[in-house]
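Trainee: structure here, sequence nowhere to be found:
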């Protein structure tokens with residue numbers, strides 16, 4: 001029988017996330033591991049280096065809760081809804097303390113994860129030619145192409161101590177299936193020292209075997225599987241719920257006031273026992289407007305021997 005890797009969210013964070021680690025939490029506007037970030041806040045983890053390509057409300061919350069001292073990212077902003085004001089306070093005014101910020105392009109971050117996943121020391125990237133990021137970030141270096149192509153920029157491999165991703169489903173052994181916009185979910189999982197996957201649901205092995213091409217991360221890479229319905233909110237999960245645009249817009253206004261932001265965290269995150277408590281704290285009927293209509297994919301016949 002395959003090993004059962006299912007844990008509660010609290011158990012997974014307690015077992016694998018420690019003060020001072022480098023933690024990657026990825027999901028490119030979709031499949032964002034928000035509930036995992038909330039549990040890190042509940043457990044009072046501090047001194048983290050957070051790797052996240054798209055800085056968003058998750059970043060603002062972890063910063064305001066005092067969990068993160070360094071950010072590795074390639075975009076910071078509340079998507080189409082405005083600014084991340086806690087992050088801006090840290091970078092622009094060192095309020096309440098400075099934030100170390102290591103900046104790359106999206107392509108640079110993808111290259112770092114890909115190198116980490118392949119267990120290579122670095123990855124070449126062509127698009128930094130002429131970019132000001134080369135002057136701003138000493139981690140971006142150049143080497144001579146041994147095949148005669150001249151100088152090319154390279155970025156170092158990124159191998160987080162812990163990689164955390166969200167997905168639609170997994171089996172109990174940790175075979176993870178996802179669809180829709182995948183971002184770097186696969187690369188960051190293979191690059192991580194430990195891998196925690198939160199999912200909307202755990203399914204039987206036969207479900208995974210019936211559609212093997214949806215498996216983006218195999219079980220041997222995964223350390224913990226956490227059943228966490230609505231665990232990506234306010235980001236969407238294809239086939240489960242829509243993006244919460246209202247929450248995003250309200251966040252940009254709420255986060256302008258540092259005290260109001262911390263009061264929200266105290267009430268909705270620290271003041272709740274778990275993710276189910278967070279969901280309940282948003283109020284009855286909250287999810288009605290995020291429901292989606294069914295849109296099934298065309299069946300695929302994989303066939304088999306007679």
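Mentor: On my side now, so go ahead. As the structure is a computational prediction, the values presented were derived from the model and not from experiment.

Trainee: residues touching the residue positioned nearest the centre of the chain, list them.
Mentor: In the chain, the centroid-proximal residue (C-alpha atoms, centre = their mean) is residue 26; its distance is 2.3 Å. Going by C-beta atoms under 8 Å, 6 or more residues apart in numbering, residue 26 touches 33, 51-53, 113, 163-165, 183-185, 188. In this view, the C-beta of every residue, glycine as well, is placed from N, C-alpha and C.

Trainee: and if we set it to 7 Å?
Mentor: Residues in contact with residue 26, defined by C-beta atoms under 7 Å, 6 or more residues apart in numbering, are 52-53, 165, 183-185, 188.

Trainee: in strands only, show me the residues you listed.
Mentor: Mapping the contacts of residue 26 onto strands (DSSP state E) picks out residue 165.

Trainee: of the contacts of residue 26, which is the nearest to residue 78?
Mentor: Comparing those against residue 78 with C-beta to C-beta places residue 52 closest, at 13.4 Å.

Trainee: quick one: pLDDT of the closest one?
Mentor: At residue 52, the model reports a pLDDT of 97.

Trainee: share the number of residues neighbouring it, please.
Mentor: 28 (other C-beta atoms under 10 Å).

Trainee: ok, the residue nearest to the centre of the chain to residue 42 distance?
Mentor: From residue 26 across to residue 42, the span is 21 Å (C-beta to C-beta, to the nearest Å).

Trainee: quick one on the thing from earlier: residues contacting the nearest residue to the residue nearest to the centre of the chain once chain neighbours are set aside?
Mentor: Nearest in space to residue 26, with sequence neighbours left out and distances taken as C-beta to C-beta, 6 or more residues apart in numbering, is residue 188 at 4.6 Å. Residues in contact with residue 188 (C-beta under 7 Å, 6+ apart) are 24, 26, 113, 163, 165.

Trainee: the fourth one contacts residue 190, correct?
Mentor: In other words, residue 163. No - with contact defined as C-beta atoms under 7 Å, residue 163 does not count as touching residue 190 (8.4 Å).
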